[in-house]
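Participant: Sequence first, predicted coordinates after that:
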Amino acid sequence: MAFSFPARESARVTIELGARSYDIVIGTGLLGDPHTWSGLPVGATALVVTNTTVGPLYAGRLEAALRAHFKAVHTVVLPDGEDHKDWPTLQRIFDALLANGCDRKTIAFALGGGVVGDMAGFAAACYMRGVPFVQVPTTLLAQVDSSVGGKTGINHPLGKNMIGAFHQPLRVVCDLDTLDTLPPRELSAGLAEAIKYGPIADMEFLGWLEGRIDALLGRDREALAYAVRRSCEIKASVVGHDEREAGLRAILNFGHTFGHAIEAGLGFGQWLHGEAVGCGMVMGARLSQRLGLVDEAFVARLASIVARAGLPTSGPALGADRYLELMRVDKKAEAGQTRFVVIDEPGRAAVRTAPDAMVRDVLAACTR
């Protein structure tokens, strides 16, 4: 079911999934407002999952607001960073759930970026075979992408997000105020996932981003609000049609096959996820051009936007053999064949295979 919110909220986007539909609330001053959390299922206990960076900034504010709705509010603080998105760190969440006597009506609140959201969601999917959770993303990347759609999981040394589950949140709360404390590098990384929506679904949005990169990097509140809302609208439409990535949803992985290989090849945490995706989109556009789907001008335009967002456009020189090895572990691979999200035409994407020789040529052109 969808929930209602105070009229002062700037925007609300609904993910239409029947009985599991939920709202994405986008605005300011949301975190510490008890009204933000009204309408959630009744439970005695809340568990806030956060990390060592976000916790000191925002956990107290969220805990205070949740105490108006829950008898007990507990918090578990995880180490920060992609390199901690693993089994030992996941175990800390289970330890906290069990130590505090959490039951099936406990609600977990994922307060942080994509790593926290993915891990808290995966723990919620597994604990007692499933407890509810709420996404409270505090990074631009999480607000425009990873907090929406129910993908949860952890990394394996051989591949990113290879162990996980689909588990939809009850609600996503995007408080734009939390972006004020986001480091510039993280802000740029978040823009990668917003830029992604243009080539795959909405070239008008890409043009809007192109004209407002400086405002977004300058944290213009109005520009950020629109970027988050439009990104969520596009993702909501895709997820509503293909929740479990049986077909259409795969287009949301534009740039990710190359990007995940970069992350795994360098070691998780060396490049931010958005940095790898930004570079991966340039590689994906170049592959699309080699397949005869888009022209050189499209590739150059996308590379320019990615660079203006402060993101790399050339990948690390891991070697073509290593890239191909890592990409064969990608979740889109089938029967040993690597499949790539390519741009069929500007504003429309598809999943296709490509000859290894062509991929090698792309890597030669796009790595330093």
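Facilitator: Nice, thanks for sending it over. Since we're looking at a predicted model, the values are computed, not measured.
Participant: Find the residue ranges of the stretch 201-350 of the chain scoring beneath the pLDDT cut-off.
Facilitator: The model of the stretch 201-350 of the chain has pLDDT under 70 over residues 335-336.
Participant: can you pull the buried residues of stretch 356-368?
Facilitator: 359, 361, 362, 363, 366, 367 (16 or more other C-beta atoms under 10 Å). From N, CA and C alone the C-beta is placed, and that goes for glycine too.
Participant: For residue 232, state which of those is nearest.
Facilitator: Nearest to residue 232 among these: residue 366, at 29.6 Å, using C-beta to C-beta.
Participant: What's the separation between that closest one and residue 149?
Facilitator: Residue 366 is 28 Å from residue 149, where distance means C-beta to C-beta, to the nearest Å.
Participant: Over to the residue nearest to residue 100 when sequence neighbours are not counted. Which of the three states is it?
Facilitator: Sequence neighbours aside, residue 74 is the residue nearest to residue 100 in space, at 4.7 Å (criterion: C-beta to C-beta, 6 or more residues apart in numbering). What DSSP: H, G, I helix; E, B strand; the rest coil gives for residue 74 is strand.
Participant: looking at it, residue 74 is touching residue 44, isn't it?
Facilitator: No: using C-beta atoms under 8 Å, residue 74 is not in contact with residue 44; the gap is 11.2 Å.
Participant: Residue 257: which element?
Facilitator: Using DSSP states H and E, the element containing residue 257 is helix 256-266.
Participant: And the helix or strand following that helix, what does it pack against?
Facilitator: Once the chain leaves helix 256-266, the next helix or strand it forms, by DSSP H and E, is helix 273-290. Here helix 273-290 touches helix 184-201, helix 256-266, helix 296-308, strand 339-345, helix 356-366, going by 3 or more C-beta pairs under 8 Å, 6 or more residues apart in numbering; DSSP states H and E.
Participant: Columns distance to residue 129 on top of the ones you listed, output as a markdown table?
Facilitator: What follows is the helices and strands packed on helix 273-290, written out as a markdown table (distance: least, C-beta to C-beta, whole Å):
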| stretch | distance to residue 129 |
| --- | --- |
| helix 184-201 | 31 |
| helix 256-266 | 29 |
| helix 296-308 | 41 |
| strand 339-345 | 32 |
| helix 356-366 | 41 |
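Participant: Between these, which one is closest to residue 225.
Facilitator: Residue 225 sits nearest to helix 184-201 of all the helices and strands packed on helix 273-290, at 12.2 Å, using C-beta to C-beta.
Participant: How about residues contacting the following helix or strand past the closest one?
Facilitator: Counting by DSSP H and E, the element after helix 184-201 in chain order, helix or strand, is helix 203-217. Counting by C-beta atoms under 8 Å, 6 or more residues apart in numbering, helix 203-217 makes contact with 184, 187-188, 191, 194-195, 197-199, 220, 223-224, 226-227, 230, 234, 301, 305, 308-310, 346-347, all of which sit outside it.
Participant: What subset of those residues is buried?
Facilitator: Buried members of the contacts of helix 203-217, scored by 16+ other C-beta under 10 Å, are 187-188, 191, 194-195, 197-199, 223-224, 226-227, 230, 234, 301, 305, 308-310, 346-347.
Participant: centre of the chain versus the host helix or strand of residue 89, how much separation?
Facilitator: Using DSSP H and E, residue 89 maps to helix 87-99. When distances are taken as C-alpha atoms, centre = their mean, to the nearest Å, helix 87-99 is centred 22 Å away from the chain's centroid.
Participant: now the next helix or strand after that helix and helix 87-99, what's the angle there?
Facilitator: Using DSSP H and E, the helix or strand that follows helix 87-99 in sequence is strand 107-112. Per axes from the mean of the first three to the mean of the last three C-alpha atoms, to 10 degrees, the angle that strand 107-112 makes with helix 87-99 is 140 degrees.
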